[in-house]
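Asker: this one's sequence-less:
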């Protein structure tokens with residue numbers, strides 16, 4: 001899932017602008033007393049895509065829902081999803097004469113996961129994908145196939161994530177039995193007689209309350225904005241940048257579930273973008289294309305890695321360098337490409353007619369950078385690079401890169417009913433999960449577009465099972 005670059009403040013501004021009045025559109029019934037106001041059929045924790053879908057599904061089936069979201073508005077990381085949804089065997093594929101079958105969908109998902117994903121969950125995801133796509137159409141959304149990749153279904157126009165969340169919010173507003181509470185953070189799950197019966201929450205006034213519920217659905221997202229937790233689960237990514245996410249993705253649900261004995265799965269796996277800055281990520285082709293790609297250097301103006309490594313390995317090697325960063329150096333031929341120009345623009349890079357001048361602008365030693373580039377252009381390599389680009393055609397360009405966390409692959413283990421499992425593989429009564437908090441769907445890699453699909457598929461499954469449908 002590509003994500004748009006945007007500062008945390010701008011994210012909140014955009015969310016509030018898109019969803020203006022969201023807290024007024026689904027008013028709770030007038031409370032008679034605090035206990036009544038804090039008792040519900042379903043408590044949904046997290047107001048991103050999965051939480052909104054779960055809330056809508058439970059409400060349309062007659063359940064009373066309280067949805068708590070710690071941020072000032074709903075949307076989560078879903079709102080910055082910039083591509084589309086993946087679905088198979090849809091009418092869109094049939095009409096376009098560009099098939100993408102369930103079998104292809106399953107195979108692509110498993111291969112991308114390095115065969116670590118739970119096959120039962122993947123099959124459920126794939127088999128439900130057309131229904132999920134058809135449901136989006138009922139919300140008024142309009143889609144087309146991506147011109148290059150038939151597995152991607154993208155909006156006819158507009159920004160995918162913003163349109164998606166806006167449609168979810170409009171649908172949720174139809175149900176007065178959804179009580180949406182923003183700036184309300186869940187802090188602890190409440191367990192009685194081995195059953196989850198609610199959660200402790202803290203509102204914007206700082207007051208702690210307990211919301212009692214027949215079932216709780218965790219939809220709090222991943223760890224992308226929790227660098228200390230990322231480092232705990234995979235030390236290779238210690239110090240990773242967190243600009244490619246919204247502020248709320250801090251692993252709250254995972255911590256709450258872990259505290260009551262939930263099983264975690266695939267927590268060492270993350271999607272990392274090695275070339276990234278200011279919330280944007282840049283395709284690795286900038287430094288790994290044969291005959292054209294540039295190089296990476298550290299603060300000593302020296303190469304330190306084979307730039308053609310896989311993205312996860314490249315990210316971890318950059319994070320080993322001083323200040324956990326590197327410099328991308330390219331020539332005018334790379335800059336002339338779409339990806340090269342984007343990097344220099346969005347990363348606020350610099351331009352120079354000579355390597356020495358470029359080094360000065362980047363704060364590097366001119367002689368050292370010149371020697372590094374001369375050696376590379378002569379194809380003298382100590383890192384095992386098999387294919388070479390070049391940095392030879394002036395003017396030259398450079399920019400900083402700081403690897404960023406892009407998606408959390410791991411999370412709480414669930415079964416086919418979206419019930420959270422304990423460490424022995426048994427369902428924890430009363431507790432469900434959907435969205436990026438879930439582990440087991442992606443293993444070591446994720447097919448772009450499956451993430452907003454799984455929000456719908458497992459958001460709906462969690463809600464229906466939670467209310468006995």
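Answerer: Looks like it arrived, so ask away. Source: prediction; values computed, not measured.

Asker: mind showing which ranges of the chain have poor pLDDT?
Answerer: Within the chain, the set of residues satisfying pLDDT under 70 comprises 1-35.

Asker: for it, what's the longest helix?
Answerer: helix 450-466 (DSSP state H).

Asker: Report all helices and strands that that one contacts.
Answerer: Judged by 3 or more C-beta pairs under 8 Å, 6 or more residues apart in numbering; DSSP states H and E, the packing partners of helix 450-466 are helix 49-60, strand 85-86, helix 119-127, helix 129-138, helix 160-172, strand 208-218, strand 427-433. Every residue, glycine included, has its C-beta placed from N, CA and C.

Asker: The shortest one - contacts with which helices or strands?
Answerer: Secondary-structure packing of strand 85-86 (3+ C-beta pairs under 8 Å, 6+ apart): helix 129-138, strand 152-155, helix 450-466.

Asker: contact partners of that strand?
Answerer: For strand 85-86, contacts defined as C-beta atoms under 8 Å, 6 or more residues apart in numbering pick out 105, 129, 132-133, 136, 143, 151-153, 160, 447-450, 452-453.

Asker: Stretch 354-362: which residues count as buried?
Answerer: Using 16 or more other C-beta atoms under 10 Å as the test for burial, stretch 354-362 gives 355, 358-359, 362.

Asker: Let's see which of these end up in helices.
Answerer: Reading helices off those with DSSP H, I get 355, 358-359, 362.

Asker: buried set for stretch 411-425?
Answerer: 411-415, 418-422.

Asker: Next, the angle from the helix or strand where residue 42 lies to strand 208-218.
Answerer: If you go by DSSP states H and E, residue 42 is part of strand 39-45. Strand 39-45 and strand 208-218 meet at an angle of 70 degrees, taking axes from the mean of the first three to the mean of the last three C-alpha atoms, to 10 degrees as the criterion.

Asker: other SSEs contacting strand 39-45?
Answerer: Looks like strand 39-45 contacts helix 49-60, strand 65-69, strand 195-202, strand 208-218, helix 252-259 (3+ C-beta pairs under 8 Å, 6+ apart).

Asker: Identify the residues contacting that strand?
Answerer: Under C-beta under 8 Å, 6+ apart, the answer for strand 39-45 is 51, 54-55, 58, 63-68, 179, 186, 198-199, 211-220, 252-253, 256, 463, 466-467.

Asker: could you redo the last one with a cut-off of 7 Å?
Answerer: 51, 54-55, 58, 63-68, 186, 198-199, 211-220, 253, 463, 466-467 (C-beta atoms under 7 Å, 6 or more residues apart in numbering).

Asker: Same check on stretch 366-380?
Answerer: 295, 297, 300-303, 355-356, 359-360, 388, 390-392.

Asker: before we move on, the earlier item: would you tell me which one of the helices and strands packed on strand 39-45 is buried the most?
Answerer: Mean neighbour count (mean count of other C-beta atoms under 10 Å) peaks for helix 49-60 among the helices and strands packed on strand 39-45, with a mean of 29.

Asker: For residue 405, grab the count of nearby residues.
Answerer: Counted with other C-beta atoms under 10 Å, residues neighbouring residue 405 total 26.

Asker: Quick check: the gap between it and residue 140.
Answerer: 33 Å (C-beta to C-beta, to the nearest Å).

Asker: do the same with residue 192
Answerer: 42 Å.

Asker: ok, now residue 404?
Answerer: 33 Å.

Asker: What residues are recorded as beta-bridge partners of the most centrally placed residue in the chain?
Answerer: Nearest to the geometric centre of the chain sits residue 407, at 4.0 Å (C-alpha atoms, centre = their mean). Applying DSSP bridges to residue 407 gives these bridge partners: residue 271.

Asker: what's it in contact with, if anything?
Answerer: Residue 407 neighbours (C-beta under 7 Å, 6+ apart): 1, 222, 270-271, 446, 451.

Asker: which of those residues lies closest to residue 91?
Answerer: Taking C-beta to C-beta as the measure, residue 91 lies nearest residue 451 of those, at 22.5 Å.

Asker: and the closest one, how many residues sit next to it?
Answerer: 25.

Asker: if you go through the stretch 201-350 of the chain in chain order, where are the helices?
Answerer: 227-233, 252-259, 285-288, 311-319, 332-335, 338-346 (DSSP state H, counting those that start in this stretch).

Asker: Take these and write them to TSV, including distance to residue 83.
Answerer: Formatted as TSV, the helices of the stretch 201-350 of the chain follow (distance: least, C-beta to C-beta, whole Å):
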stretch	distance to residue 83
helix 227-233	23
helix 252-259	24
helix 285-288	18
helix 311-319	17
helix 332-335	24
helix 338-346	16
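
Asker: Please identify the deepest-packed of those helices.
Answerer: helix 285-288 (a mean of 24).
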